[in-house]
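S.K.: 3D, please:
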Amino acid sequence: MASLDISQRGALWIIAAGVIAAGLYFLREPLTQFAMALFLWLAIDGLADTLDKRVPFIPRLLALPIALVIVLGLVALIGVVVVENIAGIIGDLPRYEFRLNQVLSQAHQALGSPGGPTPTVRDLIAQFEPGQLAAEIGDSIQNAASATIFTLIFLAFLFPAAGAMGDKLDRIFVGKGRREAAGEVLARIRLSMERYLWVQTVMSLIITGLTYATLVIIGLENALFWSFLIFFLNYIPTIGSLAAVVLTTAVALVQFPTLGPVVAVFAGVGAWQFVIGNFIQPRMTGDSLNLSAIVVLLALSIWGLVWGIVGAFLAAPLTVMIMIVLAQFPTTRWIAILLSADGKPTPDAPPRIRSESGPN
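M.R.: Predicted structure coming up:
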């Protein structure tokens, strides 16, 4: 009978996981918009809390709108820079096409491909049905604009919803002990998310600044645009750093006629990614990303498959949140232990969490 109970529980776990995965996939559009709004809210509220505590002349009443303007202003600035640089890149497409045809010809000769004319960029594009490709690009731009609008709408409603969440939790968790336990879990999740976002943002800004200076010195065109892309890519664990190096190296290969600047771009961008990602960032991250390396890669693959590029950006913090929640229940704590890097998915709470976890 006991073995039957174990098999039944295993079957229920598999069914539940399948249903949850299907729901996350089929509802990915509203869920990704809400998730992005939630992380923007965490960034804004965390910055407001920092301004309130560390800047004496800014009261809480003003800290929140100031943080809102700073965060959304930075997002808008990044959008403007990206759009302007994309317009410049589109204007230089004929020159890039000429250089790409040269690269394809050199690769064709180096590989010793059998006879026949060397394929050109236009030949390669023609294989992907340009009309359909242009339509897909247009749909992607429209979907991105729609997603941005809905994300901002979700963000606007999150602020009043967060204010009423304390009273709702008091009614859900009636006993004092349960309220304190729930408050501690929520505080731990929030602290981990805020610390992760803070560390990733600071590290991405440092890498972006150093990369921009490196690319400008080497002479790569549209260096600001590629640096901003690297800023976003650094939110994707492991794969983002590799993609940043490959992307800038490929752009340099198209622009420069000789290999010297290409190697310089590869070495410069790769050096900053390696040094900061392996020596500085782990010391600042601490326990906010207490995930096994293989779990990070697995989470990146799964969330990327379910939610696309947004899932890749949010894979690490979402997995940390799931790990903390699973650690609260005896039947699922073993999963949280496997997900963690050190076998301690819920380390001792910091004093700030203990003092703020739930009403008295």
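
S.K.: For this structure, which segments count as helices?
M.R.: For the chain, the helices defined by DSSP state H occupy 2-26, 28-54, 60-91, 93-110, 121-126, 130-172, 176-218, 223-233, 239-255, 259-275, 281-285, 293-326, 333-339, 351-356.

S.K.: Generate JSON lines for those helices, with mean pLDDT as supplementary columns.
M.R.: Output for the helices of the chain, formatted as JSON lines (pLDDT from 0 to 100):
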{"stretch": "helix 2-26", "mean pLDDT": "76"}
{"stretch": "helix 28-54", "mean pLDDT": "88"}
{"stretch": "helix 60-91", "mean pLDDT": "81"}
{"stretch": "helix 93-110", "mean pLDDT": "70"}
{"stretch": "helix 121-126", "mean pLDDT": "62"}
{"stretch": "helix 130-172", "mean pLDDT": "77"}
{"stretch": "helix 176-218", "mean pLDDT": "85"}
{"stretch": "helix 223-233", "mean pLDDT": "87"}
{"stretch": "helix 239-255", "mean pLDDT": "87"}
{"stretch": "helix 259-275", "mean pLDDT": "91"}
{"stretch": "helix 281-285", "mean pLDDT": "66"}
{"stretch": "helix 293-326", "mean pLDDT": "86"}
{"stretch": "helix 333-339", "mean pLDDT": "86"}
{"stretch": "helix 351-356", "mean pLDDT": "42"}
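
S.K.: Could you identify which of these is most buried?
M.R.: helix 223-233 (a mean of 21; mean count of other Cβ atoms under 10 Å). Any C-beta I mention is one placed from the backbone N, CA and C, and that applies to glycine too.

S.K.: by how many degrees do that one and helix 176-218 diverge?
M.R.: Angle of helix 223-233 versus helix 176-218, following axes from the mean of the first three to the mean of the last three Cα atoms, to 10 degrees, is 150 degrees.

S.K.: sorry, back to before: for Pro345, which of the helices of the chain is the nearest?
M.R.: Of all the helices of the chain, helix 333-339 sits nearest to Pro345, with 3.8 Å by Cβ to Cβ.

S.K.: Against which helices or strands is that closest one packed?
M.R.: helix 293-326 (3 or more Cβ pairs under 8 Å, 6 or more residues apart in numbering; DSSP states H and E).

S.K.: when you compare where the helix it packs on runs with where helix 223-233 runs, what's the angle?
M.R.: Inter-element angle recorded for helix 293-326 and helix 223-233: 60 degrees (by the same axes, to 10 degrees).

S.K.: so how far is helix 293-326 off the chain centroid?
M.R.: 10 Å (Cα atoms, centre = their mean, to the nearest Å).

S.K.: show me the residues around the residue nearest to Val265 when sequence neighbours are not counted that make contact.
M.R.: Using Cβ to Cβ, 6 or more residues apart in numbering and skipping residues adjacent in sequence, the residue nearest Val265 is Ala252, 4.0 Å away. When contacts are counted by Cβ atoms under 8 Å, 6 or more residues apart in numbering, Ala252 is found next to 218, 220, 261-262, 264-266.

S.K.: State the distance from the most centrally placed residue in the chain to Gln281.
M.R.: Residue closest to the average C-alpha location in the chain (Cα atoms, centre = their mean): Phe313, at 2.1 Å. According to Cβ to Cβ, to the nearest Å, Phe313 and Gln281 sit 16 Å apart.

S.K.: ok so, going back, mind putting the helices of the chain into CSV with distance to Pro345?
M.R.: Formatted as CSV, the helices of the chain follow (distance: least, Cβ to Cβ, whole Å):
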stretch, distance to Pro345
helix 2-26, 18
helix 28-54, 20
helix 60-91, 30
helix 93-110, 48
helix 121-126, 48
helix 130-172, 22
helix 176-218, 10
helix 223-233, 28
helix 239-255, 24
helix 259-275, 28
helix 281-285, 16
helix 293-326, 5
helix 333-339, 4
helix 351-356, 15
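
S.K.: what about the closest residue to Gly240 other than its chain neighbours, distance to Ser204?
M.R.: Nearest non-adjacent residue to Gly240, counting by Cβ to Cβ, 6+ apart: Leu233, 4.0 Å away. Distance, Leu233 to Ser204, using Cβ to Cβ: 9 Å.
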